[in-house]
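Participant: let me see the structure of the following:
(one chain, ligands or ions: 2)
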Amino acid sequence: MTSQQSPARDLLVLSGTPVVPGVAYAPVMWPGARPEVPPAVDVPEDDRDAEAARFSSAAQTVADRLRTRAAQAQGAAAEVLGANAGLASDKAWIGTTEKLIRAGTPAANAVAAATEQFADMFTKLGGLMAERVTDLRDVRDRVVAELLGSPEPGVPVPDAPSILLADDLAPADTAGLDPTLIVGIGTRLGGATSHTAIIARQLGIPCIVGLTQAGTVDAGTPVLLDGGAGTVTVAPDEGEARLLVAESEREAAEIARWRGPGHTSDGAAIAVLANVQDGATARSAAERQVEGVGLFRTELAFLDRADEPSVDEQAALYREVIDAFPGRKVVIRTLDAGSDKPLKFVDHGDEENPALGVRGIRIAEGDPGLLERQLDAIAAAAEGAQSAPWVMAPMIATAAEARDFAAQCRSRGLVAGVMVEVPAVALCADAVLAEVDFVSIGTNDLTQYAMAADRMSTELAALTDPWQPAVLRLIELTGRAGTAAGKPVGVCGEAAADPLLACVLVGLGITSLSCAAGAAAAVGARVGGVTLQQCRWAAEAALAATDPQAAREAARSALS
Ligand code: PEP
Ligand code: MG
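Facilitator: Ligands and ions are numbered 1, 2, ... in the order given. Take a look at the predicted model:
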């Protein structure tokens with residue numbers, strides 16, 4: 001359901017996917033129009049060189065501008081601006097555009113046509129590549145505006161605090177936002193991992209994506225945006241709205257005061273850990289209150305590598321992460337290549353359905369050396385470190401796979417675990433846990449596979465919701481098996497970043513929560529405010545609900 005009338009006060013409430021919690025009340029603004037490409041008129045042959053030069057100078061100007069902004073930005077914003085500058089100077093895209101110009105197409109039309117060719121290609125590749133289509137179209141609009149002499153497209157700076165609604169936002173738009181003026185963001189498109197979501201999280205702006213009915217709200221209309229609930233209430237009572245904003249500000253202050261280690265209010269230890277992807281992200285996580293690393297996604301460190309990194313090079317990288325948390329828990333995941341994260345040095349072949357294909361641990365079947373060398377590198381990194389890292393494999397589907405993986409880890413002196421991402425493993429969690437020392441639930445993939453819904457799809461966001469009853473039951477089975485076996489069961493998917501769901505997870509028997517470092521304090525503070533028994537009541541209430549929204553409400557009232 002994407003919109004509903006609240007019967008009590010007959011208010012229009014739109015819903016989408018919650019991304020960044022927080023409540024904001026302000027009038028709506030929409031970004032400025034994107035430039036329109038005029039109809040194409042054939043460029044005379046003699047003018048084509050000059051037209052191509054005009055294009056290359058416009059593309060260069062846009063790339064330089066984005067690079068300058070990248071240099072002034074920080075973290076994820078700097079990264080995405082830098083990546084977009086790279087798109088504006090991409091040789092293949094420039095080459096395709098120039099070819100069209102030399103065949104007589106005006107520069108602006110050539111840019112538009114070349115961009116659509118690449119957008120088609122990216123969409124077919126799916127996953128992270130498909131997410132770049134918005135970035136590519138943003139670069140197109142900037143170059144077209146430059147060619148037409150129009151103002152740079154994007155978000156104008158408002159005079160007063162506003163809530164920004166948009167179809168989708170390009171990173172170049174979001175990266176420059178001022179959180180004191182843009183107090184909330186809602187986009188019609190985009191998933192929980194889109195750039196809008198990443199940057200809103202970094203800037204701490206309450207944000208909702210997949211807000212399919214956003215287009216029904218006109219600029220200037222006052223709305224109440226609740227980034228935690230994923231709702232936008234149109235023209236609410238101003239007094240009530242301001243009270244809700246004040247309450248959310250109080251919660252934010254409590255979060256800022258939170259200090260680890262994580263535990264419930266009655267002292268049950270629940271480790272709050274960070275998801276990282278290299279030494280830099282691990283060191284920056286260590287500056288926050290997290291107690292260690294619950295998921296080191298090693299494949300993300302090698303996305304741009306043409307060749308497999310040597311054992312020594314891998315060992316040095318893994319050691320950087322281990323050293324960021326001396327003496328603490330660090331869980332390293334072996335390469336989860338394939339599907340939305342293809343690696344150039346892994347032969348993925350041609351697959352009809354890569355999400356269900358040879359990805360993660362399944363690659364070791366055809367190329368055992370890749371896994372052996374990675375485990376050798378982890379073992380080398382562990383030598384002389386203050387604590388031994390834990391190692392886990394992604395995409396395990398059977399107890400036999402878990403046994404083989406554990407044997408390979410233990411022969412190198414490593415603590416062995418597996419991820420619970422395939423529903424089959426949750427259903428057989430007792431048998432799998434008998435083979436390993438711990439498991440960690442990857443709720444992103446577990447939800448995708450339980451609901452048969454692509455985790456990247458905006459249209460299917462209601463299905464890829466970890467509050468779905470089927471997903472909660474799979475987690476319950478796993479948690480129960482962990483408690484019976486006396487072995488740790490963590491959660492390291494996005495579900496662990498949702499403070500309310502985190503309490504439910506604890507009630508389901510989860511012993512550690514690993515999420516983006518920026519989300520950790522909110523999770524720790526929420527879990528720290530309730531008892532273990534309250535978490536169990538919340539879990540029971542959520543399990544009894546028949547849909548995600550009802551589960552959220554039931555959990556919230558069980559905890560209040
Ligand atoms: C998951 O599937 O929940 C998970 C943590 O792995 P990734 O998001 O890297 O696929
Ligand atoms: Mg996964």
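
Participant: quick check: residues of the stretch 201-350 of the chain near ligand 1?
Facilitator: 295, 297, 336 (Cβ under 6 Å from any ligand atom). Using the backbone N, CA and C atoms, a C-beta is placed for each residue, glycine as well.

Participant: run the last query once more with 8 Å
Facilitator: 275, 295, 297, 299-300, 333, 336, 340-341 (Cβ under 8 Å from any ligand atom).

Participant: ok, now the chain?
Facilitator: So the chain meets ligand 1 at 275, 295, 297, 299-300, 333, 336, 340-341, 394, 419, 421, 440-448, 455, 492-495 (Cβ under 8 Å from any ligand atom).

Participant: go again using 5 Å as the cut-off
Facilitator: 421, 442-445, 492-493 (Cβ under 5 Å from any ligand atom).

Participant: below-threshold pLDDT in this structure: ranges please.
Facilitator: Along the chain, the parts satisfying pLDDT under 70 run over 1-10, 76, 171-172, 175, 192-195.

Participant: domains in it, as residue ranges please.
Facilitator: Using the TED database, the domain parsing of the chain gives 13-32+155-252, 45-148, 258-559.

Participant: about what we covered before: top of the residues of the chain next to ligand 1 by neighbour count?
Facilitator: Using other Cβ atoms under 10 Å as the neighbour criterion, residue 492 leads these with 29 neighbours.

Participant: distance of that residue from residue 430?
Facilitator: 21 Å (Cβ to Cβ, to the nearest Å).

Participant: which ones are touching the residue of the stretch 151-300 of the chain found nearest ligand 2?
Facilitator: Ligand 2 sits closest to residue 297 of the stretch 151-300 of the chain, with a gap of 8.7 Å, by Cβ to the ion. Contacts here follow Cβ atoms under 8 Å, 6 or more residues apart in numbering; on that basis residue 297 touches 275-277, 333, 336.

Participant: so for residue 152, what's the nearest residue that isn't a sequence neighbour?
Facilitator: Spatial nearest neighbour of residue 152, excluding adjacent residues (Cβ to Cβ, 6 or more residues apart in numbering): residue 145 at 5.8 Å.

Participant: which strand or helix spans that neighbour?
Facilitator: Per DSSP states H and E, residue 145 falls inside helix 133-148.

Participant: after that helix comes which helix or strand?
Facilitator: strand 162-166.

Participant: may I see the buried residues of stretch 219-231?
Facilitator: Residues 222-231 are the ones in stretch 219-231 that count as buried (16 or more other Cβ atoms under 10 Å).

Participant: just the ones in helices from the residues of the chain next to ligand 1, please.
Facilitator: Mapping the residues of the chain next to ligand 1 onto helices (DSSP state H) picks out 443-445.

Participant: hang on, the earlier thing: closest to residue 81 out of the buried residues of stretch 219-231?
Facilitator: residue 227 (23.3 Å; Cβ to Cβ).

Participant: rewinding a little: widest-spaced pair of the contacts of residue 297?
Facilitator: Among these, 276 and 336 lie farthest apart (Cβ to Cβ), at 14.0 Å.

Participant: which of those two has more neighbours?
Facilitator: Neighbour count, other Cβ under 10 Å: between residue 276 and residue 336, residue 276 has more, with 29 against 25.

Participant: touching, that one and residue 320? I think so.
Facilitator: No - at 10.1 Å, residue 276 and residue 320 do not qualify as touching, with contact defined as Cβ atoms under 8 Å.

Participant: report the set of residues contacting both of those two.
Facilitator: Common contacts of residue 276 and residue 320 (Cβ under 8 Å, 6+ apart): residue 282.

Participant: how about the helices in the stretch 201-350 of the chain?
Facilitator: Assigned by DSSP state H, counting those that start in this stretch, the helices in the stretch 201-350 of the chain fall at 238-257, 279-286, 311-324.

Participant: need these in JSON lines (columns: mean neighbour count and distance to ligand 2).
Facilitator: Shown next, in JSON lines, are these (neighbours: other Cβ atoms under 10 Å; distance: least, Cβ to the ion, whole Å):
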{"stretch": "helix 238-257", "mean neighbour count": "13", "distance to ligand 2": "27"}
{"stretch": "helix 279-286", "mean neighbour count": "19", "distance to ligand 2": "17"}
{"stretch": "helix 311-324", "mean neighbour count": "19", "distance to ligand 2": "19"}
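
Participant: redo these as CSV? Include distance to residue 513.
Facilitator: Shown next, in CSV, are the helices of the stretch 201-350 of the chain (distance: least, Cβ to Cβ, whole Å):
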stretch, distance to residue 513
helix 238-257, 15
helix 279-286, 14
helix 311-324, 19
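
Participant: ok, back up a step: contacts only, for the residue nearest to residue 152.
Facilitator: For residue 145, the contact set (Cβ under 8 Å, 6+ apart) comprises 35, 151-153.

Participant: following the chain onward from the longest helix anywhere in the chain, which element is next?
Facilitator: Counting by DSSP H, the longest helix found in the chain is helix 48-72. Going down the chain from helix 48-72, the next helix or strand is helix 75-88, by DSSP H and E.

Participant: buried ones in the helix or strand just after that next one, by neighbour count?
Facilitator: Downstream of helix 75-88, the first helix or strand assigned by DSSP H and E is helix 91-102. Using 16+ other Cβ under 10 Å as the test for burial, helix 91-102 gives 93-94, 96-98, 100-101.

Participant: and which of those residues is nearest ligand 2?
Facilitator: residue 93 (30.4 Å).

Participant: any idea how far that closest one is from ligand 1?
Facilitator: 28 Å (Cβ to the nearest ligand atom, to the nearest Å).

Participant: OK, contacts around that residue?
Facilitator: 87, 114-115, 118, 136.

Participant: cool, residue 203 as well?
Facilitator: Contact partners of residue 203, counting by Cβ under 8 Å, 6+ apart, are 77, 174, 177, 179.

Participant: among the residues you listed, name the buried ones.
Facilitator: If we count by 16+ other Cβ under 10 Å, those have these buried: 77, 174, 177.

Participant: quick one: residue 366 and residue 358 touch, right?
Facilitator: Yes - if you go by Cβ under 8 Å, residue 366 and residue 358 touch, sitting 6.9 Å apart.

Participant: show me which of the two is the more surrounded one.
Facilitator: Neighbour count, other Cβ under 10 Å: between residue 366 and residue 358, residue 358 has more, with 21 against 11.

Participant: surely the more buried one touches residue 339?
Facilitator: No - contact criterion Cβ under 8 Å: residue 358 and residue 339 do not qualify, at 9.5 Å.

Participant: what's the closest non-adjacent residue to residue 371?
Facilitator: Going by Cβ to Cβ, 6+ apart, residue 371 has residue 364 as its nearest residue, at 4.1 Å.

Participant: and the gap between that neighbour and residue 456?
Facilitator: Distance, residue 364 to residue 456, using Cβ to Cβ: 25 Å.

Participant: picking that back up, how about the buried residues of helix 91-102 in JSON lines, adding distance to residue 238?
Facilitator: Listed next are these as JSON lines, based on distance: Cβ to Cβ, whole Å:
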{"residue": "93", "distance to residue 238": "48"}
{"residue": "94", "distance to residue 238": "51"}
{"residue": "96", "distance to residue 238": "52"}
{"residue": "97", "distance to residue 238": "50"}
{"residue": "98", "distance to residue 238": "55"}
{"residue": "100", "distance to residue 238": "53"}
{"residue": "101", "distance to residue 238": "54"}
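
Participant: and of the residues you listed, the nearest to residue 259?
Facilitator: Of those, the one sitting nearest to residue 259 (Cβ to Cβ) turns out to be residue 93, at 47.9 Å.

Participant: perfect, I'm done here.
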